[in-house]
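Novice: Need coordinates for the following:
(one chain, ligands or ions: 1)
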Amino acid sequence: MESLSAKIESLKKEIAATTVAGSEELEAFRIKYLGTKGLLKQIMGEMKNVPAEQKKEAGQLLNEFKTFVENHFEQMASGLNDADSSDVNQLDVTLPGNSFPLGTRHPISIIHNKIVAIFQRLGFSVAEGPEIEDDWHNFTALNLPENHPARDMQDTFYISQNPDWLLRTHTSSVQIREMMKKELPLRIICPGRVYRNETISARAHCFFNQVEGLYIAENVSFADLKQTLYFFVKEMFGNDVQVRFRPSYFPFTEPSAEMDISCLICKGEGCSVCKKTGWVEILGCGMVHPKVLDNCGIDSEKYTGFAFGMGIERITMLTYQVKDLRLFSENDVRFLRQFTSAV
Ligand code: DAH
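Specialist: Numbers count the residues shown, from 1 in each chain. Next comes the predicted model:
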C-alpha cells in the first residue's frame, strides 16, 4: 500500500509536468497512460496484491489517479484545439486583400476604337486586308508603277523568298482589295498595321498603325470629303478645334490634300509639338485618281470617290500628349496602365 501510493505520487508529478506539442504526442500520452496496456491498467492490476483491509482506501486512490490522468489528457487536448483555433484568430482582417490587377486597353487600341466608332456612325464599315502584300496591291494598282519616284517615299521591307511580296507600307492596299470586289457604292474604313524600313526614333518606327477611308459612289465630291473629315475632327477632338486643308501630292488621289488641325497642346499659340506653327498635320486625303478606279475595273466616268489615310499613333500622341513613339511598343506597364477608356 505504501509503495502503491508512492508510485502514484511520482506518476502524478511526471504527468503534471507533461506537455504535448501536437496530436501525435497527445496520442502517445494516451497510449502510455490510458491505453489498454497503459500504466493506469498496470497499477489497477496491482490491486490484487493489496491486503483486504486496505482495498477500500487503495480503490479510492486509484480512482482519484484515474480522474487525474484523464483530466490532464482532456486539458492537453483542448489546449491543442485552442492553438488550432488561435490560427484563425490571428487572421488580421485589417490587412489589405490580395489584389487582382485589371488590365487596361492599349492607348493605340483606345484611339483605334474611337476612330472606328466615329466612322461607323457615318455608315462606314470596317474592312481588313493582309499585312503581307504583293507589289500590285501596295503600289502598282495605286498608280505607283515600277520606277515611280513616289515609291521612294516609302522605304519598303521586301520578303526575301519572293521579290513580289512585301510588308504593306500603308493600308491603301486594302482600298484596292475592296474595290476589286466591285460592290458599289463602297464606304469603308481600313484600320491596320503597316511597316516601313525606318530608323527607330521618338518620331519614327518600323511599324505603326493607319486608318484608311474610302467612299466610292456616283457624284462623290471634294465637298463630301471635307464634310466627312470635319465631322470626324469635331467628334474626335471637340468643337473648338480648327481645321485647314493644304494642297499636296499622292499618286493615288487627284487632287490631293493634307489636313491640319489647330495644335491641341498650345491651342494654336505655337509650341514644340506644332513646331511653333500652331498647326499639326493629321492626315492625307484626296479624290481617288481615275487611273486607280480603272485599275480595279470601276468605271471612272460614272463613279467618283474620296480617300483619306491617317496614322493612329500620331492621333494618340496628340490626344494623350505622348512625346515618344517607342513607348507604344515597349510594353512598360507603368506607361500602359495610365490609360483608361469605356470602349
Ligand atoms: N497612303 C498614305 C500614306 O501612307 C496615306 C494616304 C494619303 C492615304 C492620301 C489616302 C490618301 O487614302 O488619299 O502616307
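Novice: Next, please give the residue ranges for the strands of the protein.
Specialist: 125-126, 132-134, 165-167, 186-195, 207-217, 243-250, 253-262, 279-288, 304-311 (DSSP state E).
Novice: could you dump the ones you listed to a markdown table with mean pLDDT, distance to the ligand and mean neighbour count?
Specialist: In this view, the C-beta of every residue, glycine as well, is placed from N, C-alpha and C. Shown next, in a markdown table, are these (pLDDT from 0 to 100; distance: least, CB to the nearest ligand atom, whole Å; neighbours: other CB atoms under 10 Å):
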| stretch | mean pLDDT | distance to the ligand | mean neighbour count |
| --- | --- | --- | --- |
| strand 125-126 | 98 | 16 | 12 |
| strand 132-134 | 97 | 13 | 19 |
| strand 165-167 | 95 | 13 | 19 |
| strand 186-195 | 98 | 7 | 20 |
| strand 207-217 | 98 | 5 | 21 |
| strand 243-250 | 97 | 4 | 14 |
| strand 253-262 | 97 | 4 | 20 |
| strand 279-288 | 97 | 3 | 21 |
| strand 304-311 | 98 | 2 | 23 |
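Novice: of those, which approaches residue 112 most closely?
Specialist: strand 186-195 (5.7 Å; CB to CB).
Novice: Mind listing the strands that closest one pairs with, and their directions?
Specialist: Strand pairing for strand 186-195, determined by DSSP bridges: strand 125-126 (parallel), strand 207-217 (antiparallel).
Novice: Which helix runs longest in the protein?
Specialist: Longest helix of the chain, by residue count under DSSP state H: helix 55-89.
Novice: Give me the domain ranges for the protein.
Specialist: 2-89, 107-342 (automatic domain parsing).
Novice: mean pLDDT lowest for which of those?
Specialist: If you rank these by mean pLDDT, domain 2-89 sits at the bottom with a mean of 85.
Novice: That one: how far from the chain's middle?
Specialist: Remark: domain 2-89 is offset 65 Å from the chain centroid, using CA atoms, centre = their mean, to the nearest Å.
Novice: now swap in stretch 182-193 and tell me
Specialist: Relative to its chain's centre, stretch 182-193 lies at 29 Å (CA atoms, centre = their mean).
Novice: Kindly report the residues of the stretch 101-250 of the chain close to the ligand.
Specialist: Contact residues, the stretch 101-250 of the chain versus the ligand (CB under 6 Å from any ligand atom): 170, 172, 212, 250.
Novice: From the structure, what's the count of residues near the first one?
Specialist: Each residue near residue 170 was counted by other CB atoms under 10 Å, and the total is 25.
Novice: At which residues are the helices of the chain located?
Specialist: 2-16, 23-29, 39-45, 55-89, 107-121, 135-138, 172-179, 222-237, 290-295, 312-320, 333-336.
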